[in-house]
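**Student:** after the sequence you'll find the predicted model.
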Amino acid sequence: MTYIPISPAERDAMLKTVGVKSLDDLFEAIPAKHRFPDLNLPPALTEMEAGAHLGDMASSNENVREHLISFLGAGAYHHYIPSVVDHILRRGEFYTAYTPYQPEISQGTLQAIFEYQSLMTNLTGMEVSNASHYDGATATAEAVNLAYAQFRGKRKKIVMSPTVHPQYREVIRTYTQAMGLEEVGDDASNHEVTPEAMISLIDESTMLVVVQYPDFFGRIFDYKKLIDAAHEKGALVCVVANPTALLMLKSPGEMGADIVVGEAQPFGIPLWYGGPYLGFFTTKKSYVHKMAGRLVGETVDARGNRSYVLTLTAREQHIKRERATSNICTNQGLLALGCSVYMSVLGKQGLQEVANLCYQKAHYAAAELSKIDGFGLCHVEPFFHEFVLCCPKPASEVNQYLLDNGILGGYDLGKDYPDMQNHLLVAVTEMNSKDEIDSLVEILKEMK
Amino acid sequence: MATVIEPTIFELSSPGRRGVKMPASDVPTTALPPKELLRSELPLPELAEVDVVRHYMKLSSFNYSVDSGFYPLGSCTMKYNPKINEDTCRYPGFLFTHPLQPIETVQGNLALMYEMQEWLMEISGFAGVTLQPAAGAHGEFTGVLMMAAYHKLRGDTKRTKMLIPDAAHGTNPASVGMLGMSVVTIPSDSRGNVDLKALEAACDDTVVGMMLTNPNTLGMFDENIEKVVNMVKDCGGLMYGDGANLNALLGIVRPGDLGFDVMHFNLHKTFAVPHGGGGPGSGPVGVSQRLVDFLPSPLVGIVEEGDEETAPLYGFVTPKNSIGRMKAFHGHFGGGLVRSYTYIAMHGPDGLKDISQYAVLNANYLQARLRDTYKIPYDRICMHEFVMEGRFEGSDIRALDISKRLMDYNFHPPTNYFPLIVHEALMIEPTETENKDTLDRFADALIKIAEEAKTQPDLLHNAPSTTKFGRMDEVKAARELVLCCWLPEGYDLS
């Protein structure tokens, strides 16, 4: 009866109104032999006990605020979250509301999504944003669905850069396994491929080219030539972008990208052991009817007030059923709100400061680390806040040594790229102080 | 010009205004990348912290929510979201762990996930559970992929048809559509059960399986469930259970015991993860023994057995014939799993059964109170929800008008126009967390509205009239497609 506000007397009165004698009588449609199973679960805890139990579980982890200095990124980044963000997210009016299907009493959610759409299009340089996807990986998979729908299944080739996040590429393979697509370029041993070298893979059967910006190794490429070449063959280009990097770098929209997606976790969402995060999806207006997910548009109400509604819903599953662009229903609404609050409360200047701190500290770290005997930067291209460090021994051993010294090292690239066993992907954000970077360098200097 | 009640965050912007500042850099300065790689402008708003807080507080006041009132939105299970869950999911040990940390450093997280898998298996009667799917529809897609992979591995390649009842959620056929299978719609009979004759006619060796919501979206538990399951299995198909309505079944019956092969859970419905204005949800999937090898990778498993003195070591394992990865990392851990874990831990087996018993009692009580006023096309003991018709003989009043008028009585409307098989459907799901007084006030309001429909129909046509906003011009929104806003003209963007 933990959260049930009905007294025994009220229950009896209600049963009488219904016309049954007991609660059990309500379940006669259930096959008798399977009715009321005994569930082998631990007995109920009180709030006080549950809080303590969960507290024990949480504190048996080593976390990056209290225990470990972290240089781990690879798709999830430790950034500062201004206090305001969670204060807004804790408003029951936001977090205990449903999808805004009744616009008269959901204008808070609707205007917030409209503003989120606006913030994302301004950031990516695109024309339209939907209301969110589950994460960056599934948003990228939905870009494939958009391209497939755009060519009505007549083009079936994806040109995939091997330097798109390995898990994103895995998710795309899962999503599209029954679609009969041909995927080229996704060769982990060919990770040194340049955007220009990918051009030769694009032909008239190519529906979509997928690249990451900065790429999984942190490198910054201008994809304009690649995009122009894809457009010459009639193919679309999807750029998977890191939003923090977009605060400093040329937007994919400026390069001519057709679809810009990515993971907005860096914008106000905690690491939370991997989720829930926030997939963003932006594109050109001409593709809006093929785009998955919810969309908020401006209108007026019967009293002449500017207001907002879910629009173009005819694309969605509850209307179009098996012909819908996607089956997505629940998305990441509250986190889109968190992302908007994050962007608003830091504002243009605060966000530029975040990007600059990431860039400066990462470059300081890269410079210092590459001075250590046996270590060096793997790439010469410009980078933003993540870079590949070549190590004198396997990255897994380096990481173990760092962990023994209280440092969460980088991402071991040998897990995904067989010839990169000695390569560590190092991420540095505004959360890493110079002292932390210096101690990483000092500890690695002493590594035997 | 339309009246602006609250400007957008862009309109509130003023050049040079500052919110939260970042510390100065403590490292030597490095030159920025070449100019051609940099953006020339960053068209984002500039506000002070107080501007931001007041803006979002104002927006929050435009929302109706479970915390503010009764929200009987059918099939959405808008139950009260316990506040303790908001605290536990924000414990620093959960908030500040990176998804790619070595498993030795996140044993608390992995133990929680392992137990959650076990608990969901016990609650549903399944042999395996994946926690990876992000939402119900994502879970459905996961389930359908596994069904396809099962048949494919057996070389049973002619199976391309999915049977879906006409009362199903739109996500069911949409999930199937994503795999290029065809949908065969199975009608419901006069008691709201699957029409057995139609099912029999559709069952052959081209059937992938059936996707059945039980109780269905009419709120009816299928009285022939065992027959339905057997017919699908006899033709070699698999049974998919849509777990959207699981709030009726906790401790009442386990879908696995009924012969289902796969089912998604909506942690944001049944297990009190708040809906967040549209998400995030969490959609774990349970499977029977024949599908465990097809579960997405990775699952959480014990990688080193423990003994009396040491706890087991939890880690990740990959099922033998896994369909692959459904999303990056491990599912909606913090916002989904920790909240639901807290909720299940605080209920235990008896508490879970209470949830379903009272959810069903509340729905039947409302149904009984409204039966004489509104037509209930499938009128028998319902489960956690029921559907009635929002129309009256000789009146032009529609379900939409009734829904909008309910707002004037400060209630959130029921789901309307769904399921599609009921005319002017009003689908009412009160959940177990409402008291008798609230249910009575709601029933009284609906009875009064039925009276108003006869005597003052314009009150309904023009509703809502007491809310901050009136009915929206949806056609204008779709025609003009104003989908984002920009900074005011003349703004220096660099």
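**Tutor:** Received it, and whenever you're ready, just let me know what you need.
**Student:** OK, contacts around A:Y80?
**Tutor:** Going by Cβ atoms under 8 Å, 6 or more residues apart in numbering or on different chains, A:Y80 touches A:V354, A:E430, A:M431, B:M22. The C-beta positions use only the backbone N, C-alpha and C, and glycine is treated the same way.
**Student:** just give me the residue right at the centre of chain A.
**Tutor:** A:E263 (2.9 Å; Cα atoms, centre = their mean).
**Student:** correct me, but it touches A:T138?
**Tutor:** No. The criterion here is Cβ atoms under 8 Å, and A:E263 misses it with A:T138 at 10.1 Å.
**Student:** intersection of neighbour lists for those two?
**Tutor:** Common neighbours of A:E263 and A:T138, counting by Cβ under 8 Å, 6+ apart, are A:G279.
**Student:** helices or strands next to the helix or strand of chain B with the lowest mean pLDDT in the packing?
**Tutor:** Every helix and strand of chain B was ranked by mean pLDDT, DSSP states H and E. The lowest is helix B:171-177, at a mean of 87. With contacts taken as 3 or more Cβ pairs under 8 Å, 6 or more residues apart in numbering or on different chains; DSSP states H and E, helix B:171-177 sits against helix A:317-320, helix B:136-153, strand B:161-165, strand B:182-186, strand B:207-213.
**Student:** least confident of the ones you listed, on average?
**Tutor:** Among the helices and strands packed on helix B:171-177, helix A:317-320 carries the lowest mean pLDDT, at a mean of 70.
**Student:** in the next helix or strand after that one, what's buried?
**Tutor:** Sequence order places helix A:333-369 as the next helix or strand after helix A:317-320, per DSSP states H and E. Judged by neighbour count (16 or more other Cβ atoms under 10 Å in any protein chain shown), helix A:333-369 contains these buried residues: A:333-366, A:368-369.
**Student:** same question for stretch A:424-444.
**Tutor:** Residues A:424-432, A:434, A:436-437, A:440-441, A:443-444 are the ones in stretch A:424-444 that count as buried (16+ other Cβ under 10 Å).
**Student:** quick one: the helices in the stretch 151-300 of chain A?
**Tutor:** A:166-175, A:195-198, A:224-232, A:243-246, A:252-255 (DSSP state H, counting those that start in this stretch).
**Student:** re the thing from before, what sits up against the least confident helix or strand of chain B?
**Tutor:** With Cβ under 8 Å, 6+ apart, helix B:171-177 has contacts from A:317-318, A:320-324, A:326-327, A:329, B:136-137, B:140-141, B:143-144, B:162, B:164, B:182-183, B:211, B:213, B:242.
**Student:** list the helices and strands the longest strand anywhere in chain A packs on?
**Tutor:** Assignment by DSSP state E gives strand A:206-213 as the longest strand of chain A. Contact here means 3+ Cβ pairs under 8 Å, 6+ apart; on that basis strand A:206-213 packs against helix A:136-150, strand A:157-160, helix A:195-198, helix A:224-232, strand A:236-241.
**Student:** put the alpha carbons of the second one into CSV.
**Tutor:** In this case it means strand A:157-160. Presented in CSV, the C-alpha positions along strand A:157-160 are these (Å, rounded to 0.1, in the frame of the first residue of the first chain):
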residue,chain,number,x,y,z
LYS,A,157,24.4,2.1,-50.1
ILE,A,158,25.8,3.8,-47.0
VAL,A,159,29.4,5.2,-47.0
MET,A,160,30.4,5.0,-43.4
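**Student:** now that strand: how far from the chain's centre is it?
**Tutor:** How far strand A:157-160 lies from its chain's middle: 21 Å, per Cα atoms, centre = their mean, to the nearest Å.
**Student:** one step back: for A:H79, find the nearest of the helices and strands packed on helix B:171-177.
**Tutor:** helix B:136-153 (26.0 Å; Cβ to Cβ).
**Student:** which residues of the stretch 201-350 of chain A score low on pLDDT?
**Tutor:** A:316, A:319-320, A:325 (pLDDT under 70).
**Student:** I should have written the stretch 101-250 of chain B there, sorry.
**Tutor:** For the stretch 101-250 of chain B, no range has pLDDT under 70.
**Student:** can you list the domain ranges for the chain.
**Tutor:** You didn't pick a chain, so chain A it is. A:69-81+A:347-445, A:84-341 (automatic domain parsing).
**Student:** to clarify, I was referring to chain B.
**Tutor:** Listed by automatic domain parsing, the domain ranges of chain B are B:86-345, B:349-467.
**Student:** identify the residues contacting the helix or strand harbouring A:E10?
**Tutor:** In this assignment (DSSP H and E), A:E10 forms part of helix A:8-18. With contacts defined as Cβ under 8 Å, 6+ apart, helix A:8-18 is touched by A:6, A:21-23, A:25-26, B:358, B:361-362, B:364-365, B:367-369, B:381, B:435-436.
**Student:** show me which of these are buried.
**Tutor:** Among the contacts of helix A:8-18, the ones that count as buried by 16+ other Cβ under 10 Å are A:6, A:23, A:26, B:358, B:361-362, B:364-365, B:367-369, B:381, B:436.
**Student:** can you add distance to A:Y116, pLDDT and secondary structure and give the residues you listed back as CSV?
**Tutor:** Output for the buried ones among the contacts of helix A:8-18, formatted as CSV (distance: Cβ to Cβ, whole Å; pLDDT from 0 to 100; DSSP: H, G, I helix; E, B strand; the rest coil):
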residue, distance to A:Y116, pLDDT, secondary structure
A:I6, 39, 97, coil
A:L23, 44, 98, helix
A:L26, 43, 98, helix
B:Y358, 37, 98, helix
B:L361, 40, 98, helix
B:N362, 35, 98, helix
B:N364, 40, 98, helix
B:Y365, 40, 98, helix
B:Q367, 39, 98, helix
B:A368, 43, 98, helix
B:R369, 41, 98, helix
B:I381, 44, 97, coil
B:K436, 40, 98, helix
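**Student:** reformat those as a markdown table; add distance to B:T415.
**Tutor:** Output for these, formatted as a markdown table (distance: Cβ to Cβ, whole Å):
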| residue | distance to B:T415 |
| --- | --- |
| A:I6 | 23 |
| A:L23 | 25 |
| A:L26 | 22 |
| B:Y358 | 20 |
| B:L361 | 20 |
| B:N362 | 16 |
| B:N364 | 18 |
| B:Y365 | 19 |
| B:Q367 | 15 |
| B:A368 | 20 |
| B:R369 | 19 |
| B:I381 | 20 |
| B:K436 | 23 |
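**Student:** now for A:D373, how many residues are close by?
**Tutor:** 8 (other Cβ atoms under 10 Å in any protein chain shown).
**Student:** in a strand, that's where it is, yeah?
**Tutor:** No. Secondary structure of A:D373 (DSSP: H, G, I helix; E, B strand; the rest coil): coil, not part of a strand.
**Student:** distance of it from A:C391?
**Tutor:** 11 Å (Cβ to Cβ, to the nearest Å).
**Student:** likewise for A:E263?
**Tutor:** Taking Cβ to Cβ as the measure, A:E263 falls 27 Å from A:C391.
**Student:** over to B:C382?
**Tutor:** Distance from B:C382 to A:C391, by Cβ to Cβ: 64 Å.
**Student:** go on, B:M346?
**Tutor:** For B:M346, the distance to A:C391 - Cβ to Cβ - is 47 Å.
**Student:** please apply the same query to B:G209.
**Tutor:** For B:G209, the distance to A:C391 - Cβ to Cβ - is 50 Å.
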